[in-house]
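Trainee: Quick one: sequence plus predicted model below, questions after.
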Amino acid sequence: MVQLLEIKDTKDWFQVAASLSQELQENAVARDAQAGLPDYEINRLCKSGLLPLVVPQEYGGIGGNWVEALKIVFQLSQADGSIGQLYGNHLNLVALAHVSGTSEQKERYYRETAAHNLFWANAINTRDTRLKIIPDGEDFRVNGVKSFGTGIAVADLRVFSALQDGVEVPLIFVIPKDREGLVSQQDWNNFGQRRTDSDTFTFHNVLVKRNEVLGIDNPPDNAFATFLGIIAQLTKVYVYLGIAKGAFKAAKNYTKNISKPWVTSGVSSATEDPYILHHYGELWTELKAAIALADQAAVKVQAAWDKNVNLTLQERGEVAIAVFAAKAFATKVGLNVTNRIFEVMGTRSTATKYGFDRYWRDLRTFTLHDPVDYKLKDIGNWVLNRELPTVTQYS
């Protein structure tokens, strides 16, 4: 068991996250070029003490709320988009049994996470239907293939979805790291999010115990049961914004210390160039607006979470609209910032040694998983027709 850092209050959590973010920033370019397993990063996360952040205190955790947790995702994403994604996914998965499991599973997984400082990862990806689960006595066996196993290789607890023949709704299950029969194909080699190690995994008659399938004997039937899907959407927003903020800060530092003014600008410093100033003013304004919209959505998410099983379908849908709006705007602003930073830094900033392109690569890779046009369609349908979006547990 990794020794946890003692965390006493919210201020401490942010200080720990800021310190870890600074550490990750120092070697982010080299790790991005290396790709491969994020073992170093996850080890640092474990030692930071931030893994049980959203575990309620009654189960031995820190007891942080979603507003605070998402701000820490935002902080970590500024240094490294991969670790922001991995940590954000972890927080969502820690709470998975809370919304879709039995009361026994909720308590068990919360307590185990806090007591043993466990890191969670997943390959739920319900669009990939190649993984099949069949009964085996009281338990189950799983065979097939599952893609986008983000962080699975370094996770203590691994969450997957699999289909039963003739059943449309997948079963979600949690298995430990040492479960036999699971093999990585080591095929993650994308241009962005290179340290998430989002490989494809092959299952060879893997045992899944009945109590490892979430909610199978007593599936929840309320609006709250699918609410984690909305939180997962907002978590992505904070990863996007963290990447964009990291790019903006890196560009600002470069402009102040290295950039030269344009030859016809009539000024002696890049920080006095009127067009550079215009770009920074525009990018800063857009970024602040996107963060503010996300923060408003986070407050609504927390208020809905506090309602627990009393959350209504109408309330869930209204929160979804707020989150979708934040996500659509964050996508637009994030891609704009990570692309236009080169306009304020100049030609020499494209040198590979700086790695400034990693911000755009990380964000573009992530945003393609969920086209923003569909979020805008849902928002438009609500604006014109007052029809709320259909939100699933794993959208």
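Mentor: Done, it's in.

Trainee: Over to residue 50: give its phi and psi.
Mentor: phi -90, psi 0 (degrees, to the nearest 10).

Trainee: wait, doesn't it sit right on residue 19?
Mentor: No - the pair residue 50 / residue 19 is not scored as a contact, 10.8 Å apart, by CB atoms under 8 Å. C-beta coordinates here come from the backbone N, C-alpha and C atoms, glycine included.

Trainee: Compare neighbour counts for the two and give me the winner.
Mentor: Using other CB atoms under 10 Å as the criterion, residue 50 and residue 19 rank with residue 50 on top: 26 against 12.

Trainee: Residue 201 should be in a strand, yeah?
Mentor: Yes - counting by DSSP: H, G, I helix; E, B strand; the rest coil, residue 201 falls inside a strand.

Trainee: And this protein, what are its domain boundaries?
Mentor: Using automatic domain parsing, the domain parsing of the chain gives 10-121, 122-212, 223-385.

Trainee: Against which helices or strands is the strand or helix carrying residue 320 packed?
Mentor: Element membership of residue 320 [criterion: DSSP states H and E] is helix 313-345. Here helix 313-345 touches helix 227-257, helix 274-307, helix 357-367, helix 372-385, going by 3 or more CB pairs under 8 Å, 6 or more residues apart in numbering; DSSP states H and E.

Trainee: Let's have those in CSV, adding mean pLDDT.
Mentor: Output for the helices and strands packed on helix 313-345, formatted as CSV (pLDDT from 0 to 100):
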stretch, mean pLDDT
helix 227-257, 97
helix 274-307, 97
helix 357-367, 94
helix 372-385, 94
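
Trainee: just checking, residue 370 touches residue 236?
Mentor: Yes - with contact defined as CB under 8 Å, residue 370 reaches residue 236; the gap is 7.1 Å.

Trainee: These two: which has the busier surroundings?
Mentor: A count of neighbours by other CB under 10 Å puts residue 236 above the other of residue 370 and residue 236, at 25 against 13.

Trainee: Against residue 364, how distant is the more buried one?
Mentor: To residue 364, residue 236 is 13 Å away according to CB to CB, to the nearest Å.

Trainee: Buried residues, the helix or strand of the chain with the lowest mean pLDDT. List them.
Mentor: Lowest mean confidence among the helices and strands of the chain (mean pLDDT, DSSP states H and E): helix 10-26, at a mean of 89. Along helix 10-26, these residues count as buried under the neighbour rule (16 or more other CB atoms under 10 Å): 13, 16-17, 20-21, 24.

Trainee: Equivalent analysis for stretch 339-357, please.
Mentor: Those would be 340-342, 344-346, 349, 355-357, for stretch 339-357 by 16+ other CB under 10 Å.

Trainee: Which neighbours do residue 370 and residue 236 have in common?
Mentor: Contact criterion CB atoms under 8 Å, 6 or more residues apart in numbering; residues shared by residue 370 and residue 236: residue 327.

Trainee: follow-up on the earlier one: from the middle of its chain, how far away would the least confident helix or strand of the chain be?
Mentor: Its chain's C-alpha centre and that of helix 10-26 lie 17 Å apart, by CA atoms, centre = their mean, to the nearest Å.

Trainee: what packs against it?
Mentor: Partner elements for helix 10-26 (3+ CB pairs under 8 Å, 6+ apart): helix 39-48, helix 66-79.

Trainee: at 6 Å what do you get?
Mentor: For helix 10-26, the packing partners by 3 or more CB pairs under 6 Å, 6 or more residues apart in numbering; DSSP states H and E come out as helix 66-79.

Trainee: so residue 99 sits right up against residue 226, yeah?
Mentor: No - Residue 99 is beyond contact range of residue 226, at 7.6 Å (criterion: CB atoms under 6 Å).

Trainee: which one of those two has more residues nearby?
Mentor: residue 99 (24 against 21).

Trainee: Name the helix or strand for the more buried one, please.
Mentor: helix 96-100.

Trainee: next one: residue 135
Mentor: In this structure, residue 135 sits in strand 132-136 according to DSSP H and E.
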